[in-house]
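Give me a model of this one.
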Amino acid sequence: MIIKSLTLNNFRVFNGVNDINLAPEADNKSIILFGGLNGAGKTSILTGVRVALYGRAAFGFNMTANEYQEQLTALIHKGTGVQHNAASIELIFTYNQQGQENEYKVIRSWKKDQKDKLALYKNDLHEAALGYEQCQAFLNELIPIGIADLFFFDGEKIADLAEDQSGSVLQTAVRRLLGIDVIERLKNDLNIFLKPHQKKGMPSKIKAEIDALEKQRVALVKDYDILVNEADELETPINSINDKIRSTENDVMNLGGEWAKTKAQEESKVKELQLTKAHLESNIRKEMDATLPLSLAKNTLINLLETLEVESNIKQKQAFKNEFLKYKAQVIQSLSGNDEAQKSAQAALQTCLSDYNDATSLQLDLSERERAQVTHQIEISSEKSQSEFNNLITQLTDVEADIDSAAVNIARAPDESRVKDKIAEVAELNKAKTKAILTRNNKLKEAKEKIEQAIELAKTIQKTHDKYKSDSNVTEAVANAQNTNLLLEEFAKQLTVVRVQQLEAEFIKSYQKLARKDDLDISARINTTTFDVELIDEHNNYINRKALSAGEKQIYAIAILEALGKTSGRKLPIIIDTPLGRLDSHHRDKLVERYFPDASHQVIILSTDTEVDEQYFTQGKFGQSISHSYEIQFNAQTKASKLLPGYFWKNNDDSQAVQTANYVEVV
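Model prediction:
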């Protein structure tokens, strides 16, 4: 298979029609390289291929039809000032079947909130006889999605294969790649052929029992279909109720119903605010009864403190003078010398004492303790009281504003009688909706029980057939079918053993080629029943895959993928998104030089500038294997990306730029 071209029309970040040539130019140039920064649209290329081929299955098998339509709508380009209502993907590829190569063109298109359309062309001839489901079934058989998952993958996610402890991922891959699932389908077809013939040799009682069981199974399947249809029919009344609820709620809003809904809350809020207001006013009065008034007469109180300071000094001088006078006579008598000298000394003392004579009368005459109390009240208590008072006033102002606002909201609320009926109507509609949803869910639950019973009956019928197989009166065709079934079962076992041995050998070669010297030296054993992979080191010890580093897990997963591809013999392209994000430089070198150039006849790589850098792009086997390259440039203003020939660096080969100029057309 070779993917020749991909056309994205209004798909994700790509606006308008974007034609992308993907065909390699030569056998020795297998790599088509896309470069883009994160968010530029690299993943859109991978997603476009998968959606074109698989539709709903590209997003997982559990997606409902409605979820699929929503997903498709989300994929329609939405740029700045651009609102498209439709998108499409066209994929052209060649595929070799039984030695004959055919060219197929797949066109998948869709409109906003509508089911997608699928058209298939073979060698330019429209397969008009095939409907949507038939086209999809053909594509699923041509390239089963389980196989495509191993060839079209996100490099960031393939480590999940390394972490799968159940073996289910590898089991599905091996069965599909090696054709074992085809053997299973053939065996089932032979069993369908054998059933009526086996029944002929059964006792009448057993036949009657099987017929009765079959009737019960058919009835259960019929009941299941009826219940599912009834559940689907309930979607319409549920949607109708939803429309009525929205309409009635709009009526409530138009009548001021939103204000009515909050009226009780606002009234309760006002009561709380009134209590808060009363508490604040009480605290304000307490402050006013305390030292707050002292802060209102600052100049007067400053004069008071100055007066107290002056009187304190006077009292200190008077105290000193009184104490000194007690000892004045003793001091004079102790002076030595004649009378003249004593008189001079006495005159000097009298002069000094005159400085302590103060005629100012004391008006307040406070003690030092009383003066300290007054000073503390004026300088500290009053300031603190004023700060607390201001804080309380601010809170009171806010509370009063909230009360006024709540009062306005209460006033906006209409009279309860105006919206009461509408609110009651909404409540009744919600009850009806809940009842309808419950009824629908019960029908789906009952339908599930019916189909489970039908499945169990089918198993019982099959067991009865197996138990009463008859060897008598068996035609040659029946005998051949039975023998073929046994041969197929044995063939599947032997084929599995042989292929698993090949897979183990291919894995070891691939891993040793990609691993660094300091990586673990490992081999693999694959269980032919469970398909669980056991990793074995050079000392034959089991290695827990969880213990591998992120880089080792990715190398392990890529080695498994390469081994699966080589063992299967299928020649499919490989598309890898962000292939090197989890690898260190040494692992990157190995992967770039030893895997990508020889991974397949067509390798499409979606990379950032830090993964495939300038050195990889211009040098070595990887650079020599590049057929052509594109750079995806995202415009933040238009919210759209465009494809340009070349890669990130200006020193790209001019000849290559000229060659690739014809490969991209962006409209």
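
Just to be sure, residue 107 is in a strand?
Yes - in this structure, residue 107 lies within a strand as judged by DSSP: H, G, I helix; E, B strand; the rest coil.

what's it in contact with, if anything?
Residues touching residue 107, when contacts are defined by C-beta atoms under 8 Å, 6 or more residues apart in numbering, comprise 88, 89, 90, 118, 119, 121. Where C-beta positions appear, they are placed from N, C-alpha and C, glycine not excepted.

And it, how close does it get to residue 6?
12 Å (C-beta to C-beta, to the nearest Å).

if I look at these two, which residues touch both of them?
Both residue 107 and residue 6 are in contact with 89, 90, where contact means C-beta under 8 Å, 6+ apart.

Flag the shaky bits of the stretch 301-450 of the chain, pLDDT-wise.
Per-residue confidence of the stretch 301-450 of the chain (counting by pLDDT under 70) places the weak regions at 328-329, 331-338, 341-342, 345-346, 349, 353-361, 409-420.

show me where it has helices.
Along the stretch 301-450 of the chain, counting by DSSP state H, counting those that start in this stretch, helices occupy 328-333, 339-354, 368-376, 382-412, 416-467.

Now render these as JSON lines, adding distance to residue 51 and mean neighbour count.
Rendered in JSON lines, the data for the helices of the stretch 301-450 of the chain read as follows (distance: least, C-beta to C-beta, whole Å; neighbours: other C-beta atoms under 10 Å):
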{"stretch": "helix 328-333", "distance to residue 51": "119", "mean neighbour count": "11"}
{"stretch": "helix 339-354", "distance to residue 51": "113", "mean neighbour count": "11"}
{"stretch": "helix 368-376", "distance to residue 51": "83", "mean neighbour count": "13"}
{"stretch": "helix 382-412", "distance to residue 51": "51", "mean neighbour count": "15"}
{"stretch": "helix 416-467", "distance to residue 51": "29", "mean neighbour count": "15"}
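
closest to residue 241 out of those helices?
Of all the helices of the stretch 301-450 of the chain, the one in closest proximity to residue 241, counting by C-beta to C-beta, is helix 416-467 (4.5 Å).

Just name whatever secondary elements the following helix or strand past the closest one is in contact with.
The element immediately downstream of helix 416-467 (helix or strand, assigned by DSSP states H and E) is helix 476-514. Counting by 3 or more C-beta pairs under 8 Å, 6 or more residues apart in numbering; DSSP states H and E, the packing neighbours recorded for helix 476-514 are helix 168-177, helix 180-200, strand 522-526, helix 550-568, helix 585-594.

re earlier: closest to residue 558 among the contacts of residue 107?
When the contacts of residue 107 are ranked by distance to residue 558 (C-beta to C-beta), residue 89 comes first, at 27.4 Å.

residues touching the closest one, list them.
Residues 6, 7, 8, 9, 11, 48, 51, 52, 106, 107, 108, 109 are the ones in contact with residue 89 under the rule C-beta under 8 Å, 6+ apart.

again, only using 10 Å
Counting by C-beta atoms under 10 Å, 6 or more residues apart in numbering, residue 89 touches 6-9, 11, 47-53, 75, 106-110, 116.

Could you do residue 238 as well?
Contacts here follow C-beta under 10 Å, 6+ apart; on that basis residue 238 touches 432, 433, 435, 436, 437, 439, 440.

Hmm, residue 232 and the last one touching each other?
Same thing as residue 440. Yes - because the distance of 8.6 Å satisfies C-beta atoms under 10 Å, residue 440 is recorded as touching residue 232.

how does the chain divide into domains?
The chain breaks down into these domains under automatic domain parsing: 1-143+572-580+594-607+634-667, 159-201+480-570, 202-253+420-467, 257-413.
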